[in-house]
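> return a 3D structure for these sequence lines:
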Amino acid sequence: MNFDTEIQTIPKLGKSYRKFNVDEVRADFPILKRLVNGKPLVYLDNAATSQKPQSVIDAISNYYTYENANIHRGLHFLSELATDAYEGARLKVKEFLNAMSVSEIIFVRGATEGINLLAYSLGNGGHFKEGDEIIISYMEHHSNIVPWQLLCERMNLKLKVVPVNEKGEFLFEEFEKLINERTKLVSVVHISNALGTINPVKEIVNTAHSYNIPVLLDGAQAVPHTKVDVQDLNCDFYVFSGHKVFGPTGIGVLYGKTELLDKLPPFQGGGDMIREVSFEGTTYDDLPQKFEAGTPNIVGGIALGAAIDYLSAFDREEVTNHEAELLIYATRKLSEIEGLRIIGTSENKASVVSFVVDGIHPYDIGTIIDTNGIAIRTGHHCTMPLIKSFGLPATARASFSIYNKLEEVDNLYDALIKVKKMFS
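Residues are numbered from 1 along each chain as shown. Alright, predicted model coming up:
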């Protein structure tokens, strides 16, 4: 691909985009200039966390240097400045997800807290009764398993799990067998962090809604790699983490339809989520404040807004095409290595290649190639039931992002060949 750096206007959208050029993109991420063990960093652990562009780093520094104050409560200049920046970030998230209203955007610590918030509030809000069922899938991250297990134990509910096939694909026909009048929630991952499988989420939502069942989608891996439109998906809830989409750690988003969030009780109590407090009782504030007790991660919200600005400056189709090219090339290249087996071979994938090599533990692979400056992830990827379903204790995982290059795939290939030679 021959990209230049000029701004290109996309007439069909009526918006000017920054033309995608991977070398220009890499220059935006200062950490990519560093050496690891004397070698240029090859960062292929993006499914765990993404690196941060200078604009996000600057947003964090700017807040603490020029705007630091608590929000919502203060009438002084700095408080109003910080409040405007924080609430401006909420508006950016609303536009980014195409939510109906900013009141549907709840800032949380990450996707994990968003799911826990829902588990707590749905459990305390009369949504479930003893004997009801929740459906998840074998592909779920632990953060979309454990909160529902805790709720099931507390309320005597039943957790039902949709299996996957040998390619790591969601078995839709099995989902249709599991869903029934006792099902009260479906909660599934949009894109698998361990396999890269893109689930048929619109079909899942439509099927659940035919039973009047709400659906939560875990979008932690989807938001960085594909354009998400919650109105088009028609999901009832959606969660993602800022640190996987070029933002800081400790900030994330729970989207929920207004009519559903309005019915739920607060997750936590404290300042800023109340309208009036007395010793006789408390009335709660409107959305989104009802779910945001205490001083929030102000700088995290502002920096997440900067991350969204950064990603939104590009035509998402160009970004998706670049990452798809990386995935196709890596799949073909790694498949040439004798004894290497890719885990998760769905044709509908994004950004992730998980693999094992005969006779070599994934931990050894990860440790050895780190000496060449290559960062991958090894382990069960917080999807222990999924990895065990393949009869494995762990895999090695290379995951790609906007700033990765084909040459880095070649570096990974060369390092894996060296590993094989060491163990032969």
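
> and the nearest residue to Lys263 once chain neighbours are set aside, what does it touch?
Spatial nearest neighbour of Lys263, excluding adjacent residues (Cβ to Cβ, 6 or more residues apart in numbering): Gly125 at 6.2 Å. All C-beta atoms are positioned from the backbone trio N, CA, C, and that covers glycine. For Gly125, the contact set (Cβ atoms under 8 Å, 6 or more residues apart in numbering) comprises 263-265.

> narrow those residues to those that are buried.
Among those, those scoring as buried are Leu264 (criterion: 16 or more other Cβ atoms under 10 Å).

> then stretch 121-136 to PDB, C-alphas only?
Provided in PDB are the C-alpha atoms of stretch 121-136 (Å, rounded to 0.1, in the frame of the first residue of the first chain):
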ATOM      1  CA  SER A 121     -27.700  -3.400  39.800                       C
ATOM      2  CA  LEU A 122     -29.700  -6.000  37.800                       C
ATOM      3  CA  GLY A 123     -29.500  -8.300  40.800                       C
ATOM      4  CA  ASN A 124     -30.700  -5.600  43.200                       C
ATOM      5  CA  GLY A 125     -33.200  -4.100  40.800                       C
ATOM      6  CA  GLY A 126     -35.700  -6.900  40.600                       C
ATOM      7  CA  HIS A 127     -34.700  -8.100  37.200                       C
ATOM      8  CA  PHE A 128     -34.000 -11.700  38.300                       C
ATOM      9  CA  LYS A 129     -35.900 -14.100  40.500                       C
ATOM     10  CA  GLU A 130     -34.800 -17.600  41.700                       C
ATOM     11  CA  GLY A 131     -34.500 -20.100  38.900                       C
ATOM     12  CA  ASP A 132     -33.900 -17.500  36.100                       C
ATOM     13  CA  GLU A 133     -31.100 -18.100  33.600                       C
ATOM     14  CA  ILE A 134     -28.200 -16.100  32.100                       C
ATOM     15  CA  ILE A 135     -26.500 -17.100  28.900                       C
ATOM     16  CA  ILE A 136     -22.900 -16.500  28.100                       C
END
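
> the stretch 51-200 of the chain: helices as residue ranges?
Using DSSP state H, counting those that start in this stretch, the helices of the stretch 51-200 of the chain run over 54-62, 77-97, 111-124, 146-155, 172-178.

> out of those, which one sits most buried?
Highest mean neighbour count among those (mean count of other Cβ atoms under 10 Å): helix 111-124, with a mean of 23.

> which helices and strands does it pack with?
Helix 111-124 is packed against strand 105-108, helix 146-155, strand 215-218, strand 237-241, strand 252-256, with contacts defined by 3 or more Cβ pairs under 8 Å, 6 or more residues apart in numbering; DSSP states H and E.

> for the protein, what are the low-confidence residue spans?
Scanning the chain with the threshold set as pLDDT under 70 gives 1-14.

> which stretches in the stretch 201-350 of the chain count as strands?
Taking DSSP state E, counting those that start in this stretch as the criterion, the stretch 201-350 of the chain carries its strands at 215-218, 237-241, 252-256, 274-278, 281-284, 340-343.

> buried ones in the fourth one?
Buried residues in strand 274-278, counting neighbours by 16+ other Cβ under 10 Å, are found at Ile274.

> got the phi/psi numbers for the residue of the chain positioned farthest from its centre?
Ranked by distance from the centre of the chain (Cα atoms, centre = their mean), the top residue is Glu280, with 41.1 Å. Main-chain torsions, Glu280, degrees, to the nearest 10: phi -90, psi -20.

> ok, now how distant is it from Pro266?
To Pro266, Glu280 is 18 Å away according to Cβ to Cβ, to the nearest Å.

> which residues does the nearest residue to Leu91 once chain neighbours are set aside contact?
Nearest non-adjacent residue to Leu91, counting by Cβ to Cβ, 6+ apart: Val102, 5.6 Å away. Shown in contact with Val102 (Cβ under 8 Å, 6+ apart): 87, 90-91, 94, 288.

> could you rerun that using 6 Å?
By Cβ atoms under 6 Å, 6 or more residues apart in numbering, Val102 lies in contact with 90-91, 94.

> and Ala375, how far from Glu104?
To Glu104, Ala375 is 36 Å away according to Cβ to Cβ.

> tell me which of those two has more neighbours.
Neighbours were counted for Ala375 and for Glu104 using other Cβ atoms under 10 Å; Glu104 has more, 25 against 16.

> how close does that one sit to Asn98?
Per Cβ to Cβ, Glu104 is found 11 Å from Asn98.

> also Asn404?
Distance, Asn404 to Asn98, using Cβ to Cβ: 27 Å.

> ok, His141 next?
As judged by Cβ to Cβ, His141 and Asn98 stand 24 Å apart.

> more neighbours: those two, which one.
His141 (22 against 14).

> what about Asp410, how many residues nearby?
Neighbour count for Asp410, taken as other Cβ under 10 Å: 14.

> now do Phe390
18.

> if you skip the residues just before and after it, what's nearest to it?
Ile343 (5.7 Å).

> and the one you found, what is it in contact with?
Applying Cβ under 6 Å, 6+ apart, the residues near Ile343 are 354, 390, 395.

> tabulate the helices and strands packed on helix 111-124 in CSV, adding columns for distance to Pro30.
Output for these, formatted as CSV (distance: least, Cβ to Cβ, whole Å):
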stretch, distance to Pro30
strand 105-108, 26
helix 146-155, 36
strand 215-218, 30
strand 237-241, 22
strand 252-256, 24
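
> follow-up on the earlier one: for the strands of the stretch 201-350 of the chain, give me a markdown table that also has distance to Glu173.
Shown next, in a markdown table, are those (distance: least, Cβ to Cβ, whole Å):
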| stretch | distance to Glu173 |
| --- | --- |
| strand 215-218 | 18 |
| strand 237-241 | 25 |
| strand 252-256 | 29 |
| strand 274-278 | 48 |
| strand 281-284 | 43 |
| strand 340-343 | 22 |
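
> ok, which of those strands comes nearest Ile308?
strand 252-256 (10.1 Å; Cβ to Cβ).

> pairing partners for the closest one, with directions?
Looking at strand 252-256 with DSSP bridges, its partner strands are strand 105-108 (antiparallel), strand 237-241 (antiparallel).
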